[in-house]
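Chemist: just a sequence and a predicted model for now, questions to come.
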Amino acid sequence: MKNSGDKRSTPDCTVDLGPTTTALVDIVQGLKRNTFVWAKLWVLNGAPDEFYPNEHHIITAALVSFRARYRAATEEEQHSLQQFLIGK
């Protein structure tokens, strides 16, 4: 069941289902191999504003939502993803 980010409650208990956004690590793990490589390169190079000239346009398009999510992420979320990618 996907996390909807809302709270569910019963008469004696309220459970916080967490944030409405998907974890960055979960997003990159769902990418195809070459798209993952370009996402890793982009993140570990400091998430530059300009795109890489050698990046295929299909990969660029596939990474649009990931890049927007990464830029909107907290510093802690970004750091967690960076640590994950360093290990890959």
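Modeler: In hand now; what should we look at?
Chemist: from here on, contacts and neighbour counts on C-alpha atoms
Modeler: Fine.
Chemist: OK, contacts around the residue nearest to the spatial centre of the chain?
Modeler: For the chain, the residue nearest the mean C-alpha position is residue 24 (2.5 Å; C-alpha atoms, centre = their mean). For residue 24, the contact set (C-alpha atoms under 8 Å, 6 or more residues apart in numbering) comprises 66, 69-70, 77-78, 81.
Chemist: for it, give its distance to residue 53.
Modeler: 24 Å (C-alpha to C-alpha, to the nearest Å).
Chemist: what's the answer for residue 76, then?
Modeler: For residue 76 relative to residue 53 (C-alpha to C-alpha), the value is 29 Å.
Chemist: for the protein, which segments count as helices?
Modeler: 24-29, 33-44, 57-62, 64-72, 75-86 (DSSP state H).
Chemist: picking up where we left off before, what's the most distant pair in the contacts of residue 24?
Modeler: 66 and 77 (12.9 Å; C-alpha to C-alpha).
Chemist: quick one: pLDDT of residue 22?
Modeler: Note on residue 22: pLDDT of 74.
Chemist: how many neighbours does it have?
Modeler: For residue 22, the neighbour count with other C-alpha atoms under 10 Å is 13.
Chemist: repeat that for residue 35.
Modeler: 20.
Chemist: go on, residue 65?
Modeler: 12.
Chemist: now do the contacts for it.
Modeler: Residue 65 neighbours (C-alpha under 8 Å, 6+ apart): none.
Chemist: for the protein, name the helix or strand with the lowest mean pLDDT.
Modeler: When the helices and strands of the chain are compared on mean pLDDT, DSSP states H and E, strand 7-10 comes out lowest with a mean of 44.
Chemist: residue ranges with poor pLDDT in this structure?
Modeler: Residue ranges of the chain with pLDDT under 70: 1-21.
Chemist: with just CA atoms, put stretch 25-41 into CSV.
Modeler: The C-alpha coordinates for stretch 25-41 follow below in CSV (Å, rounded to 0.1, in the frame of the first residue of the first chain):
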residue,chain,number,x,y,z
VAL,A,25,16.5,6.3,-2.8
ASP,A,26,13.3,4.5,-3.8
ILE,A,27,13.1,6.7,-6.9
VAL,A,28,16.6,6.0,-8.1
GLN,A,29,16.3,2.3,-7.4
GLY,A,30,13.4,2.3,-9.8
LEU,A,31,15.3,3.8,-12.7
LYS,A,32,16.7,1.9,-15.7
ARG,A,33,20.4,1.2,-15.6
ASN,A,34,21.6,4.1,-17.9
THR,A,35,19.2,6.5,-16.4
PHE,A,36,20.4,5.6,-12.9
VAL,A,37,24.0,6.2,-14.0
TRP,A,38,23.1,9.7,-15.2
ALA,A,39,21.1,10.5,-12.1
LYS,A,40,24.1,9.4,-9.9
LEU,A,41,26.5,11.6,-12.0
